[in-house]
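Novice: Mind folding the following:
(chains A and B)
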Amino acid sequence: RSDPVKDQLHDLVLEAIAALCADGTLPTSTQPVFVVERSKSREHGDFATNVALLLAKAAGKKPRDLASALVAALPLREEITKVEIAGPGFINFFLSPAAYQGEVRDALESGASFGRGNTGAGRTAGVEFVSANPTGPLHVGHGRAAAIGDCIARVLDANGWHVVREFYYNDAGAQINNLALSVQARARGVEPDAPTWPTDGYRGDYIKDVARAYLDGESVHADGVDIVGAGDVDDLDAIRCFGVAYLRREQDLDLRAFGVTFDTYFLESSLYADGKVEETVKELVAHGHAYEEGGALWLRTTDFGDDKDRVMRKSDGSFTYFLPDVAYHRSKWQRGYQRAITELGSDHHGSLARVKAGLQALDAGIPVGYPEYVLHQMVTVMRGGEEVKLSKRAGSYVTLRDLIDEVGRDATRYFLIARKSDSQLIFDIDLARAQTNDNPVYYIQYAHARVASVMRQLVERGLVWNRDIGLAHLARLDSEHEQALMIELSRYAEVVEAAGANLEPHLITTYLRELAGAFHAYYNTHQFIVDDADLRDARLTLASAVRQ
RNA sequence: GCGCCCGUAGCUCAGCUGGAUAGAGUACUUCCCUCCGAAGGAAGGGGUCGGGGGUUCGAAUCCCUCCGGGCGCGCCA
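Specialist: Residues are numbered from 1 along each chain as shown, chains lettered A, B, ... in the order given. Below you'll find the model as predicted:
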């Protein structure tokens, strides 16, 4: 119920239906299922309803005839300037600007909380994203994950959810061991192509930085712990701890520069340390979904929609990655996340079915749709019409830091969420840097700059604007362009709601561009009348409301 | 081979829980602009919504099939 104007129209139609039921035009058992929607084009008014199309059969009438009857029974309202029957039987409503002035009032009165919803009702949603292994710098793909995850978190927060941002990382597995060996090799002066270089070692230049810091006894602060480089090249455990801390800190600095922070860092190793992995295995076995074959322990995930059964414990006694994943998502449920959103690169999609199956096999009352996965597709970075592939720092890929340094934090965030996450994304550095209206970030910032400009001039002329003056002059917002702007404004709450419901933050970017467009149109055409203080104040009311 | 995602204007993409002549930005064509930022405004041309079939009063949207592109199908993570 986020749009009061739409809701009022919906209620009016209900009244009309009730009237037709009373006079026998409609059967009294009629189910009033219909929608009132914003019209796509101005020719079709502000709102339209398909009610006559849907009820025509029940009424035994042609849609347009039923529409006529409904319109005749519709209560009159001052803000409705015209009601029209169009096309196959749509009823179009034309509203006066006054119908939207309440939205501006709401914006002024609610300030920063304008547009917030409460579908979350204070429930807890855990949003897990990025979750990069601490084995190197974050790349563009992580950047997309960071932007999408953070914006999902923000949008859920705006819908009344209590949001916990969570970063899960592996600090103990084979990849980390590989990292430790790579740092050790660098510390010993071994080059990547030398015979003693570890198999599949990390070859990037950043490994040299880690090794040097370790040898120099540098102190690294990450996730609330200080780790000092011990300098001993034979102590692989010490190297591992230092390397993880070092790269975790680097990732964290990049994320902070990107405007992203986390509430919880969850270590994969804690699942083992706290016995969660063993516990999960025991429960799966106890519920009869496990069996042994070829010396390994399997889970019958095919009972829960997976393609084939999966190995939980390998024949060598160690666990596959699959089991900690199940234990981890189980812990989200146990920690009280009524909703869990897991943001991943789409190359992980193969693991979704088995994790969900594992959670169901626990028989712990976890909902079938838990967790909700949001997958993002690959990012291609372009500059000068060519694909950018290399980063000095990491070697084989473009880092998030490269992008932030080159195009700035806000533009990077905007472009990384501007597309549906399941579409491949082309990140055009030239476009993102452009100071022209081709660049949507520039276009939006430019709209803001124009508002700021007017406000500044107001102050320079010694004039005052405040909320009360704005509220007193709402009725002056009566021009066509002001109405167009107010209509855009009135969509805000439902855009926020839809973005939250569908976990689609790109809806926000699309909306912002449209809002900026309405603003530019308003600015470009209206006459700024300096000798009419009242009119000026009223117009500035809207400027300020939109800015907020 | 199987599974998931994508295919919409020259380009980059919205729209996809079914609705009216399929939208935005950009590019292109014509016209306008010396008062708040012209980094502007007005108008116009441009589409078999990948192809085909089906369901429906109505399909870009739902179902089937084919084509094209990406990704995934390990006792790797």
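Novice: What parts of the stretch 301-450 of chain A come near RNA strand B?
Specialist: With the criterion set to C-beta under 7 Å from any atom of the strand, the stretch 301-450 of chain A comes near RNA strand B through A:307, A:311, A:314-316, A:318, A:320-322, A:346-351, A:377-378, A:419-420, A:422-426, A:435-438, A:440, A:442, A:446, A:449-450. C-beta: built from backbone N, CA, C; applies to glycine.
Novice: are any of the residues you listed buried, and which?
Specialist: A:V311, A:T320, A:F322, A:S346, A:Q377, A:R419, A:L425, A:P440, A:Y442, A:Y446, A:R450 (16 or more other C-beta atoms under 10 Å).
Novice: Next step: those restricted to helices.
Specialist: Among those, the residues falling in helices (DSSP state H) are A:F322, A:P440, A:Y442, A:Y446, A:R450.
Novice: Do I have it right that the third one meets A:T436?
Specialist: Yes: proximity of A:Y442 to A:T436 meets the contact threshold set by C-beta atoms under 8 Å, at 6.4 Å.
Novice: Tell me the spacing between the most centrally placed residue in chain A and RNA strand B.
Specialist: In chain A, the residue lying closest to the centroid (C-alpha atoms, centre = their mean) is A:I152, at 2.7 Å. Here the distance between A:I152 and RNA strand B works out to 15 Å (C-beta to the nearest atom of the strand, to the nearest Å).
Novice: For stretch A:38-55, list every residue counted as buried.
Specialist: Along stretch A:38-55, these residues count as buried under the neighbour rule (16+ other C-beta under 10 Å): A:38-39, A:44-55.
Novice: And for stretch A:368-388?
Specialist: A:Y370, A:P371, A:Y373, A:V374, A:L375, A:H376, A:Q377, A:V379, A:V381, A:R383, A:V388.
Novice: Am I right that the fourth one is in a strand?
Specialist: Yes: if the criterion is DSSP: H, G, I helix; E, B strand; the rest coil, then A:V374 is within a strand.
Novice: Before we move on, what's the pLDDT of it?
Specialist: pLDDT, the model's per-residue confidence, is 94 for A:V374.
Novice: can you pull the contacts of the residue lying closest to it once chain neighbours are set aside?
Specialist: In space, and not counting its chain neighbours, A:V374 is closest to A:E343: 4.8 Å by C-beta to C-beta, 6 or more residues apart in numbering. When contacts are counted by C-beta atoms under 8 Å, 6 or more residues apart in numbering, A:E343 is found next to A:V127, A:E128, A:F129, A:V130, A:A145, A:I148, A:G149, A:I152, A:Y373, A:V374, A:L375, A:H376.
Novice: Remind me which helix or strand the fifth one belongs to.
Specialist: What it means is A:A145. helix A:140-158 (DSSP states H and E).
Novice: Which strands and helices lie in contact with that helix?
Specialist: Helices and strands touching helix A:140-158, as assessed by 3 or more C-beta pairs under 8 Å, 6 or more residues apart in numbering; DSSP states H and E, comprise strand A:124-128, strand A:162-169, strand A:339-345, strand A:372-376, strand A:379-383, helix A:400-407, helix A:409-417, helix A:480-502.
Novice: For A:S110, which of these is the nearest?
Specialist: Relative to A:S110, the nearest member of these by C-beta to C-beta is helix A:480-502, separated by 10.3 Å.
Novice: neighbouring contacts of the closest one?
Specialist: Contacts with helix A:480-502, where a contact means C-beta under 8 Å, 6+ apart, come from A:2-3, A:5, A:38, A:46, A:97, A:100-101, A:103-104, A:107, A:114-117, A:119-120, A:155-156, A:158-159, A:161, A:477, A:504-505, A:507-508, A:511, A:514-515, A:518-519, A:521-522, A:525-526, A:539, A:542, A:545-546.
Novice: Could you report the distance from the closest residue to A:V35 other than its chain neighbours to RNA strand B?
Specialist: With C-beta to C-beta, 6+ apart as the criterion, A:V35 has its nearest non-adjacent residue at 6.2 Å, and that residue is A:N50. For A:N50, the distance to RNA strand B (C-beta to the nearest atom of the strand) stands at 5 Å.
Novice: Phi first, then psi, for A:N50.
Specialist: phi -100, psi 20 (degrees, to the nearest 10).
Novice: Now for it: which residues touch it?
Specialist: A:N50 makes contact with A:F34, A:V35, A:E37, A:G89, A:F90, according to C-beta under 8 Å, 6+ apart.
Novice: and if we set it to 7 Å?
Specialist: Taking C-beta atoms under 7 Å, 6 or more residues apart in numbering as the criterion, A:N50 is in contact with A:F34, A:V35, A:F90.
Novice: Next, the buried residues of the helix or strand harbouring A:A432.
Specialist: Under DSSP H and E, the secondary-structure element containing A:A432 is helix A:429-433. Buried positions in helix A:429-433, judged by neighbour count with 16+ other C-beta under 10 Å: A:I429, A:L431, A:A432.
Novice: nearest to A:D363, of the residues you listed?
Specialist: Using C-beta to C-beta, the shortest approach to A:D363 within the buried residues of helix A:429-433 belongs to A:A432, at 49.0 Å.
Novice: my guess is that closest one contacts A:F415, does it?
Specialist: Yes: the pair A:A432 and A:F415 qualifies as a contact (C-beta atoms under 7 Å) at a distance of 5.5 Å.
Novice: show me where the stretch 251-400 of chain A has helices.
Specialist: A:268-273, A:276-286, A:322-334, A:352-361, A:400-407 (DSSP state H, counting those that start in this stretch).
Novice: Please produce CSV containing the buried ones among the residues of the stretch 301-450 of chain A next to RNA strand B, extended by pLDDT.
Specialist: What follows is these, written out as CSV (pLDDT from 0 to 100):
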residue, pLDDT
A:V311, 94
A:T320, 91
A:F322, 92
A:S346, 89
A:Q377, 90
A:R419, 89
A:L425, 87
A:P440, 83
A:Y442, 79
A:Y446, 75
A:R450, 72
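Novice: Max pairwise distance over those residues: which two?
Specialist: For these, the maximum inter-member distance is 61.1 Å, found between A:V311 and A:R450 (C-beta to C-beta).
Novice: ok, now how distant is A:R409 from RNA strand B?
Specialist: Computed as C-beta to the nearest atom of the strand, the A:R409 to RNA strand B distance reads 19 Å.
Novice: Next one, pLDDT for that residue please.
Specialist: On pLDDT, A:R409 comes in at 88.
Novice: For it, list the residues it contacts.
Specialist: Contact criterion C-beta under 7 Å, 6+ apart gives A:A257, A:F258, A:G259 as the residues in contact with A:R409.
Novice: and the first one, what does it touch?
Specialist: Residues in contact with A:A257 (C-beta under 7 Å, 6+ apart) are A:I404, A:R409.
Novice: now it: how far from A:H139?
Specialist: When C-beta to C-beta, to the nearest Å is applied, the distance between A:A257 and A:H139 equals 15 Å.
Novice: ok so, going back, output the helix holding A:A145 as PDB, restricted to C-alpha atoms.
Specialist: Once side chains and other backbone atoms are set aside, the C-alpha atoms of helix A:140-158 remain, and they are given as PDB (Å, rounded to 0.1, in the frame of the first residue of the first chain):
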ATOM      1  CA  VAL A 140      35.800  -6.100 -11.200                       C
ATOM      2  CA  GLY A 141      33.600  -9.100 -10.600                       C
ATOM      3  CA  HIS A 142      33.900  -8.700  -6.900                       C
ATOM      4  CA  GLY A 143      33.100  -5.000  -7.500                       C
ATOM      5  CA  ARG A 144      29.900  -6.000  -9.100                       C
ATOM      6  CA  ALA A 145      29.100  -8.300  -6.200                       C
ATOM      7  CA  ALA A 146      29.900  -5.500  -3.700                       C
ATOM      8  CA  ALA A 147      27.700  -3.000  -5.500                       C
ATOM      9  CA  ILE A 148      24.800  -5.300  -5.900                       C
ATOM     10  CA  GLY A 149      25.000  -6.800  -2.400                       C
ATOM     11  CA  ASP A 150      25.400  -3.400  -0.700                       C
ATOM     12  CA  CYS A 151      22.500  -2.000  -2.700                       C
ATOM     13  CA  ILE A 152      20.300  -4.900  -1.900                       C
ATOM     14  CA  ALA A 153      21.100  -4.400   1.700                       C
ATOM     15  CA  ARG A 154      20.200  -0.700   1.500                       C
ATOM     16  CA  VAL A 155      17.000  -1.400  -0.300                       C
ATOM     17  CA  LEU A 156      15.900  -4.100   2.200                       C
ATOM     18  CA  ASP A 157      16.700  -1.600   5.000                       C
ATOM     19  CA  ALA A 158      14.500   0.900   3.200                       C
END
